[in-house]
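Chemist: starting from these lines, generate the structure:
(2 chains)
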Amino acid sequence: MTIGVLALQGSVAEHLKLIKSVNKKIDAVPVRTVDELASVDGLIIPGGESTTLRILLDEFKLYTPIKVRVEAGMPVWGTCAGLILLANRIEGERPYFGLLDVDVKRNAYGRQIDSFVAEGDFAGMYVGMVFIRAPIITRVGSDVEVLSELDGKAVAVRQNNVLATAFHPELVARDNRIHKYFCQMVENA
Amino acid sequence: MAVKDNKTNDRKLLNRNLAQMLKGGVIMDVTNAEQAQIAQAAGAVAVMALERVPADIRRDGGVARMSDPKMIAEIQNAVTIPVMAKVRIGHFVEAQILEAIKIDYIDESEVLTPADDAYHIDKNKFATPFVCGARDLGEALRRIAEGASMIRTKGEAGTGNVVEAVKHMRKMRTQIAEVASLLPEQLATYAKEIGAPLDLVRQVAKNKALPVVNFAAGGIATPADAALMMQLGADGVFVGSGIFKSSDPKARAEAIVKAVAYYSDPTILAGVSYGLGEAMRGLDVEGMNEADRLAKRGW
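Modeler: Residues are numbered from 1 along each chain as shown, chains lettered A, B, ... in the order given. Here you go, the predicted model:
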């Protein structure tokens, strides 16, 4: 099984390292081209700047191939910027993939000085959560399962093969449980 | 239900984490809201707000200071990406002012005129993250000990000449490899030689990497320059005068963003370099008066 990490910008190395730590049989590879995308069974869209990522995804013609694969059932996981790109609606701007029935608001907690860490449940596990200039999910569609909440708002959600977290599990270096959860999704797909 | 757990000792980590989010990206110098929007639309991961780009600071002379908070606020309101701004080396009150206006990252920069000829800012006292320039491993680790959560090469800002940035990046990589090859009992002497704290030297020896993200800066003017720095091991690049001093800033900004994302693909690099127009004029660093060198500022 091979999991790809979209490697245009952002926390790519961190995701690759944690996926590789899950299990020797699971390989993790960076994805920059359509050919590389074709070789993976699941895709992670990492944290980074979503404005940068959408420009590069358009420019290098990855939008349609990713959308087609996810619609055909390939598991995808977006962290922070990845959540913004997957959402059906983004406050004040055009949505990108529109593969996840939620509304999001970017930089909703404020600027860097308002970045914070939290702890809480994720699908029955107690995990650390790192929020860096994070988005907020302002609406959750009826087919979307909420996996984590903070202050009454969803911060991790899943709709079938689409997983998204407003926080960054890839920044909690010694904990690969959420990566394991995603690998399980890919395994079962 | 999750709970916020905002302990103060998490700040350092959160600040290093923001730099991790910027990896593989381009941070662009901008002098007004319009340029900031051009930078964001071209795919910049952050902008550096300043009144004059380094090439103009060189030309104008005089004392270069922190920018007017009004101008910085206009840029903050114009974009969604992080906004950085520069303070003079050692000028902790300029840093306090930038923290008060919630700047996302502070650059304690040799491009401005130093305010203290002996000491840098005690950056551990701030909640806002700092990036600092370094020419070698010792300088980088001194800045990290003071609280910097991101490092960049100094290069020679405002010259459009990449030679110094290359020199600094190679030096850093050579020294990291050197540290990694030493025996534990050799580390204390090495730390003393490069003027760096022993605990950080030990960390570098163990991880074979700096404890924070390391960008390239100073003299990057073309997509090829940016890709060169990435292939030499930079985590991302700062482009100062190189964009808005060129003949077509929008096209150049877009090209450099793509070059950094696809830095190891010569076909793409050729494509983005095609018909870009005139790069900034540039200065030869070799014939430069010692007093005009910005990289030697900082201690």
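
Chemist: list the contacts for the residue in chain B that chain A sits nearest to?
Modeler: Here the residue of chain B nearest chain A is residue B:2; by Cβ to the nearest Cβ that distance is 2.3 Å. Any C-beta I mention is one placed from the backbone N, CA and C, and that applies to glycine too. Contacts of residue B:2 were listed using Cβ atoms under 8 Å, 6 or more residues apart in numbering or on different chains, and they are A:118-121, A:129, A:148-150, A:155.

Chemist: dump those into TSV; add neighbour count as well.
Modeler: Formatted as TSV, these follow (neighbours: other Cβ atoms under 10 Å in any protein chain shown):
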residue	neighbour count
A:118	19
A:119	13
A:120	20
A:121	14
A:129	27
A:148	23
A:149	16
A:150	23
A:155	25
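
Chemist: ok, so of those residues, who is nearest chain B?
Modeler: Out of the contacts of residue B:2, the member with the shortest distance to chain B (by Cβ to the nearest Cβ) is residue A:120, at 2.3 Å.

Chemist: and that closest one, that one's in a helix?
Modeler: No. Using DSSP: H, G, I helix; E, B strand; the rest coil, the assignment for residue A:120 is strand, not a helix.

Chemist: ok, it - contacts?
Modeler: Contacts of residue A:120 (Cβ under 8 Å, 6+ apart): A:126-127, A:129, A:148-150, B:1-3.

Chemist: closest one to residue B:108 out of these, please.
Modeler: The closest of the contacts of residue A:120 to residue B:108 turns out to be residue A:129 (Cβ to Cβ; 30.4 Å).

Chemist: show me where the chain has its helices.
Modeler: Because you didn't say which chain, this covers chain A. Per DSSP state H, chain A carries helices over the ranges A:12-22, A:34-38, A:50-59, A:63-71, A:81-86, A:177-188.

Chemist: try again with chain B
Modeler: B:11-21, B:33-42, B:54-60, B:69-78, B:92-100, B:137-146, B:163-181, B:187-194, B:198-207, B:223-231, B:241-244, B:249-261, B:266-273.

Chemist: other residues contacting the fourth one?
Modeler: Taking contacts as Cβ under 8 Å, 6+ apart, the residues outside helix B:69-78 that touch it are A:111, B:30-34, B:36-37, B:47, B:49, B:51, B:83, B:85, B:97-98, B:101-103.

Chemist: who's the most centrally placed residue in chain A bridged to?
Modeler: Nearest residue to the geometric centre of chain A (Cα atoms, centre = their mean): residue A:78, 1.1 Å. On the basis of DSSP bridges, residue A:78 is bridged to residue A:45, residue A:164.

Chemist: tell me the contacts of it?
Modeler: Listed by Cβ under 8 Å, 6+ apart, the contact set of residue A:78 reads A:44-45, A:84-86, A:100, A:162-165.

Chemist: state the distance from the residue located most distally from the centre of chain A to residue B:104.
Modeler: Distance to the chain centre peaks in chain A at residue A:113, reaching 23.1 Å (criterion: Cα atoms, centre = their mean). Distance from residue A:113 to residue B:104, counting by Cβ to Cβ, to the nearest Å: 8 Å.

Chemist: not counting sequence-adjacent ones, nearest residue to residue 121?
Modeler: Because you didn't say which chain, this covers chain A. With Cβ to Cβ, 6 or more residues apart in numbering or on different chains as the criterion, residue A:121 has its nearest non-adjacent residue at 6.1 Å, and that residue is residue A:148.

Chemist: sorry, I should have been clearer: chain B.
Modeler: Per Cβ to Cβ, 6+ apart, closest to residue B:121 is residue B:92, 4.7 Å.
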